[in-house]
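>>> sequence unknown, structure follows:
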């Protein structure tokens, strides 16, 4: 699912990052130029994505009319003509694309054939749901995966490392949908310690809408019961999603820390008699973070765009389900909308990761 | 600032505590206010089964319906189904979940009670008469019916609603094809068909023909005029708030998560038992766990295998009105093999119908004919085609085709009543191998497969037909030159005798006469022709024992307002 492989992460530096010099102003200018360039490239990329998505949807066998109209309506020329006209399918294909592009520039992604609503309205509803779930999962993954990865590296080839290796391999190997079903059955059905599907209990009314993140909205409006319910409902799908990313982060953190541990300056730090805790946390972790952040960024992107099965099992009304239903119904405007959103997500994440490189290692910022 | 994580943690902990104390995790089923029962609707006048004989000669239905009895609704109930939902606007809606929801929001001229779809009964119309020639149906509206805003339901609302369906040119518009609607006075509505149309009393109960409050819909940008397909802008409003006179009103609506209905305080009929109904989008295997856990009270989509062995819940099982059928394309341009009459006979007698029914699970039945067993005109159980391998082999030998190879097309990514097309296709492949026919399976995504099917390009096709309305005339589509007949390469003129029978059946009003005609049609189709009805899968509802009067309905799955 990822657009860039974690294996492409920049190599860890051979020495600890040098302290930032007093060259902040030129550095800030460079950062500004860098951001502008990346944003411009990102916009071009988005246009490219719309073109590729559009061409692919034209190549897919199947007709949106057939997929969306019933048996009788699809045999009625008047109904077919009305459908084609409503969704602009009666225009030449290049015109359809240009009109679409023009509309997108004005924030109009067209009308969804499956929900009969503007795609932008659908996206505004589904993106926060998936974003909330993905953020929960990535935070859990980082909080668990990174410390365990460090632990595995520090205790390399000892029993702790062996156990964590099994844990991480299990996490990345087991199919997410299987873990989801298992967790649902065990934690909801058998033990009853966590609620089942949905973002809230069925009879609860969602919190007053501000951001679309139920936890945030409930917090902002002081709806404590809803906040608790929203948090509880996040736990099960969030943990299921996190099983893969915990495993992945654990493996990459271990590898990255091990690489740094073998460098000369770490040996020098140990030779100076620094406690192992100080060596690891102060001299090893920071350079290792470059790789970890890269992997975490990619993992977050994949969480946002690849949660179809988990959303389906946990009845989570998010972007994954919307994308799946769009594809199933040949809902072209929705497919295009989701494609653009996923592209933007990856672009933004990669941009943030690049900026974070500079925060972690000033040499990258200065160069 | 340094204290903020601790403060945040305390807030989260407190919220979790509040939530836990509030009993989160599963909805509360209704408190059993047992006084709220239909029996208290003492003023109702024989609502069930009192409806219309559709016999010719200007027949009149008796008055019926209820008049606002019953205790106040209370409690809530959760119904789970895998959503097939695009809109709640009746004029644009024709998906199963939409039919379920709109039936609770919008009253229709006539309706069906429980699971009986053979007898339309009064709803907004207290009676109706049919002209002798079957072209004019006059409905007398009851005068006490009001919309959820308290305004009375008038014939103008009915005219507006039905004309809007026709002119929006959406999925349900075909229901009004060839039908015009007029209102001679405030409480009379006349439906006039160009040709005799005895199906009208069976068509008008469809939720898509629900009566909307014309003033409210017009205020929201709705129109019933010609050009409504582009001019009508009321859909968004109707997806936010309903404008009907049904027992429930729309509280919240989402095509992916859940739809919430609240009892209509101004409902003119018997009050429903439940104050609130939550309809959730949940996949089938999770529905089962939710019902067993009492996190939901009704699961709609379980397969027989999933429903097997469940305890402490009620299982309502019966034959679905959906009919799986196979066809051997009659068009020689598509296939010289499948269009061969002897080959078609070999296929017809080569299929192990009993085996298919067993595969479909408990509650499934063989489709004796193309008309479902619960509809007027269906063939008696057990009168369908039986497997006869020797006869099939003899027919194949007569065809002179040797051991032919043909391709079987079907949608591979959908289930109907929990039954996979792929499983059925594999079984058909095995059955026909016994006869000497090699079948290549060509499953495709439904959106792709539909194109070739509707274009009449499948050699062998395995498909399913769900009823548009519970009248046998809907199945005239299977005859030569008609919608499905053409998909099977069965062109007009291919069987003049059968087509004449179809024409006669489609215009005959007398129930007994039309029953006979439809049975003759099916008997003929079972003897020859390219279309072979296979089975009706089981339609299963699994419900908590606390919910009473759970009945499966061919049109709207379950009548939410009848639940007790």
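Done, it's in. The structure displayed is predicted, hence computed values, not measured ones. Residues are numbered from 1 along each chain as shown, chains lettered A, B, ... in the order given.

>>> pLDDT below threshold where in the chain?
All of this is about chain A. Within chain A, the stretches with pLDDT under 70 are A:1-28, A:306, A:364-367.

>>> Please refer instead to chain B.
Filtered on pLDDT under 70, chain B yields the residue ranges B:1-70.

>>> change it to 50
For chain B, applying pLDDT under 50 flags the ranges B:1-9, B:11-12, B:17-67.

>>> Next one: residue B:206 from residue A:352, what distance?
As for residue B:206, its distance to residue A:352 is 53 Å (criterion: CB to CB, to the nearest Å). No exception for glycine: its C-beta is placed from N, CA and C like everyone else's.

>>> Contact residues of the stretch 101-250 of chain A facing chain B?
Taking CB under 8 Å from any CB of the partner chain as the contact definition, the stretch 101-250 of chain A meets chain B at A:113-117, A:125-126, A:181, A:184-185, A:188-189, A:192, A:194-199, A:201-205, A:218-219, A:224-229, A:231-232.

>>> Who are the contact partners of residue B:523?
Neighbouring residues of residue B:523 by CB atoms under 8 Å, 6 or more residues apart in numbering or on different chains: B:369, B:379.

>>> To clarify, my last question referred to residue B:256.
Taking CB under 8 Å, 6+ apart as the criterion, residue B:256 is in contact with A:115, A:126, A:317, A:321, A:322, A:325, B:83, B:281.

>>> Switch these over to JSON lines; also include distance to residue B:510, neighbour count and secondary structure.
Listed next are these as JSON lines, based on distance: CB to CB, whole Å; neighbours: other CB atoms under 10 Å in any protein chain shown; DSSP: H, G, I helix; E, B strand; the rest coil:
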{"residue": "A:115", "distance to residue B:510": "45", "neighbour count": "25", "secondary structure": "coil"}
{"residue": "A:126", "distance to residue B:510": "54", "neighbour count": "26", "secondary structure": "helix"}
{"residue": "A:317", "distance to residue B:510": "51", "neighbour count": "23", "secondary structure": "coil"}
{"residue": "A:321", "distance to residue B:510": "50", "neighbour count": "24", "secondary structure": "helix"}
{"residue": "A:322", "distance to residue B:510": "51", "neighbour count": "31", "secondary structure": "helix"}
{"residue": "A:325", "distance to residue B:510": "46", "neighbour count": "18", "secondary structure": "helix"}
{"residue": "B:83", "distance to residue B:510": "41", "neighbour count": "27", "secondary structure": "coil"}
{"residue": "B:281", "distance to residue B:510": "44", "neighbour count": "23", "secondary structure": "strand"}
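
>>> Return the member of these nearest to residue A:277.
residue A:126 (44.2 Å; CB to CB).

>>> Minimum distance to chain A, which residue of the stretch 201-350 of chain B gives it?
Taking CB to the nearest CB, chain A has its nearest neighbour within the stretch 201-350 of chain B at residue B:257, 3.7 Å off.

>>> ok, so what distance separates that residue from residue B:227?
Residue B:257 is 34 Å from residue B:227, by CB to CB.

>>> Those two: which has the busier surroundings?
In this view residue B:257 and residue B:227 are compared by other CB atoms under 10 Å in any protein chain shown, and residue B:257 has more residues nearby, 25 against 11.

>>> right, is stretch A:333-350 up against chain B?
No. Residues of stretch A:333-350 contacting chain B under CB under 8 Å from any CB: none, with a closest distance of 11.2 Å.

>>> what comes into contact with that stretch?
Applying CB under 8 Å, 6+ apart, the set of residues contacting stretch A:333-350 from outside is A:2-4, A:38, A:42, A:45-46, A:49-50, A:53-54, A:57, A:87, A:100, A:104, A:109-115, A:119-120, A:122-123, A:127, A:297-298, A:300-301, A:304-305, A:319, A:322-323, A:325-327.
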